[in-house]
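# Just a sequence and a predicted model for now, questions to come.
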2 protein chains.
Amino acid sequence: MKRIAIVEDEFLMREELSDMLRKAEYQVDEISEFEDVTGQLLALSPDLILLDLNLPGTSGFQICREMKQKSTIPVLVLTSRDQLRDELHALDLGADEYLTKPCGKERLLARVTNVMKRYEGRSNLLEGAGFLLDRQTYTLYIHNSSVILPKNQGKILEVFLTHGDEIVSKEELCLAIWGTTEFIDENALQVNLTRLKKTMANLMMRQQVIPVRGIGYRLIAEGETL
Amino acid sequence: MKRIAIVEDEFLMREELSDMLRKAEYQVDEISEFEDVTGQLLALSPDLILLDLNLPGTSGFQICREMKQKSTIPVLVLTSRDQLRDELHALDLGADEYLTKPCGKERLLARVTNVMKRYEGRSNLLEGAGFLLDRQTYTLYIHNSSVILPKNQGKILEVFLTHGDEIVSKEELCLAIWGTTEFIDENALQVNLTRLKKTMANLMMRQQVIPVRGIGYRLIAEGETL
DNA sequence: AAAAACCTTACAGCCGTTGTAAGTGTTTTT
DNA sequence: AAAAACACTTACAACGGCTGTAAGGTTTTT
């Protein structure tokens, strides 16, 4: 059974949505605390997020942006704001659908189904700048084509992607590759890093792995400053 | 530069759309002959289809359905029909977006961009009943997970998928796997077929490869009749 | 029951990935 | 400027998964 999280501050509206979705055989989680909504959503990791824009505290736009950065969960914006500007902004932030209230039960359900259908099979795709990485097979999608990365290279890239632009320590990388931080063979890691760098260069990816002396490595976009 | 095909019978509307899209840096192809629209679209194979519903000849619904069966090109339905019923029907047929005319230049462009963004990297995904197959890497997406098929098994499955539910001859399969119909090693093909069957069974796929004695093979859905 | 078509299994060769090792560059420290 | 620490490169052998071969079994047709 698919799970949907509702982010909506008006109690009545929330209950109405919740009811409707439950009747349509979805499992519904309601967000009623508007502190660290992003964190709550990540913890729930639903199959879809129904998001209102007017919220106490952090705006819906901000939540949408953060969720799109940190996950691949589809976001359906459902709001009473019918300004074109808001719609464009939400879509630009990566919202998967934008509906204005009131929108009718059937239309909402149809759009919910539609969005979910689009995401079928995508649940394990990690998003990088200009490419996608499948966390299970390490298939890399870039420039309208796809390549399978060797397992180790895939694991390394995965770690980088899940760390945004932070520095990743060698220990973390070793842990990801071999499941242990002990007995790190620094050289083995080094070799695998070199191999990843080479394949990234061959694929003309906009990102680059750079060393942070004594600490670890970082993934930076081309031309980016330190 | 991304290519968009417009399927719209009213000349003025077509020109208006075309202009707008060209100004937004898209390459536009207009369909003005409404015989075998599906064939024309497949030949053009644009990155997106803008589809009207009221057309002379075949209905937009039918075209949408056929295109979704035969390709993975995204379809944006743009119509003056504002009946909820039509919208639900179109979405059900797999339309990726439904907008009612008039909808405003900016909204249309935003939705076009949005749909295209969703499809980034998906251009090589073949669609089967309940699963997706990447034509380049033979990564198979099913049940919210993904597996890499060995090359030969992938090629065989690819041939089946591009043939719908038709019978595929052994020659065709050999051609796909080894690039030649001569010197067919029937047994080698046989072994590869067996392996594919086994992996499909392990993945609990709803489809099955069945032999057509003396002719070739077919892919059928579970429980389907001959 | 014989023949034809189809299927199964095991095995050895091949190729890509991996860790090892030995050596070269580069940066920082003294 | 030399030493030390860190980072990189390259080649190679071991391993594992994929592949075609071969030999034999099963099912369907005649």
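Cool, the structure landed. No experiment lies behind these values; they were computed from the predicted model shown.
# Who are the contact partners of A:H143?
Contact partners of A:H143, counting by Cβ atoms under 8 Å, 6 or more residues apart in numbering or on different chains, are A:L203, A:M204. C-beta: built from backbone N, CA, C; applies to glycine.
# Over to A:D82?
For A:D82, the contacting residues are A:T100, by Cβ under 8 Å, 6+ apart.
# ok, so what distance separates it from DNA strand C?
Distance, A:D82 to DNA strand C, using Cβ to the nearest atom of the strand, to the nearest Å: 52 Å.
# name the element A:L99 belongs to?
A:L99 belongs to strand A:97-100 when assigned by DSSP states H and E.
# Which other helices and strands does that strand contact?
The contact analysis (3 or more Cβ pairs under 8 Å, 6 or more residues apart in numbering or on different chains; DSSP states H and E) places strand A:97-100 against strand A:75-79, helix A:84-92, helix A:105-119.
# If we use 6 Å, what do you get?
Secondary-structure packing of strand A:97-100 (3 or more Cβ pairs under 6 Å, 6 or more residues apart in numbering or on different chains; DSSP states H and E): strand A:75-79.
# and the strand it packs on with helix A:105-119, angle?
If you take axes from the mean of the first three to the mean of the last three Cα atoms, to 10 degrees, strand A:75-79 sits at 160 degrees to helix A:105-119.
# quick one: which helix or strand includes A:V209?
Applying DSSP H and E as the criterion places A:V209 in strand A:207-212.
# Check whether whatever helix or strand comes next after that strand comes near DNA strand C.
Note on strand A:207-212: by DSSP H and E, the next helix or strand toward the C-terminus is strand A:216-221. No. Strand A:216-221 does not reach DNA strand C (Cβ under 7 Å from any atom of the strand); its nearest approach is 14.3 Å.
# now the angle from strand A:216-221 to strand A:207-212?
Here strand A:216-221 runs at an angle of 150 degrees relative to strand A:207-212 (the same axes, to 10 degrees).
# counting contacts, what elements does strand A:216-221 pack onto?
Under the contact criterion of 3+ Cβ pairs under 6 Å, 6+ apart, strand A:216-221 touches strand A:168-169, strand A:207-212.
# A:T100 is nearest to which of those?
Proximity to A:T100 (Cβ to Cβ) singles out strand A:207-212 among these, at 37.4 Å.
# other SSEs contacting that closest one?
Contact analysis of strand A:207-212 by 3+ Cβ pairs under 6 Å, 6+ apart lists strand A:216-221 as its packing neighbours.
# related to what we said a few turns ago, buried residues in the strand holding A:V209?
For strand A:207-212, the neighbour count (16 or more other Cβ atoms under 10 Å in any protein chain shown) marks A:Q207, A:V209 as buried.
# and that strand with DNA strand C, contact?
No. Figure legend: strand A:207-212 not in contact with DNA strand C (Cβ under 7 Å from any atom of the strand); closest approach 8.9 Å.
# Show me the contact partners of that strand.
Contacts to strand A:207-212, defined as Cβ atoms under 6 Å, 6 or more residues apart in numbering or on different chains, come from residues A:I167, A:K197, A:Y217, A:R218, A:L219, A:I220, A:A221.
# Can you dump the C-alpha atoms of that strand in CSV for me?
Extracted as CSV, the C-alpha positions of strand A:207-212 are listed here (Å, rounded to 0.1, in the frame of the first residue of the first chain):
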residue,chain,number,x,y,z
GLN,A,207,31.7,17.3,-11.5
GLN,A,208,35.1,16.4,-10.2
VAL,A,209,36.5,14.6,-7.2
ILE,A,210,39.2,16.7,-5.5
PRO,A,211,41.3,15.7,-2.5
VAL,A,212,41.2,17.6,0.8
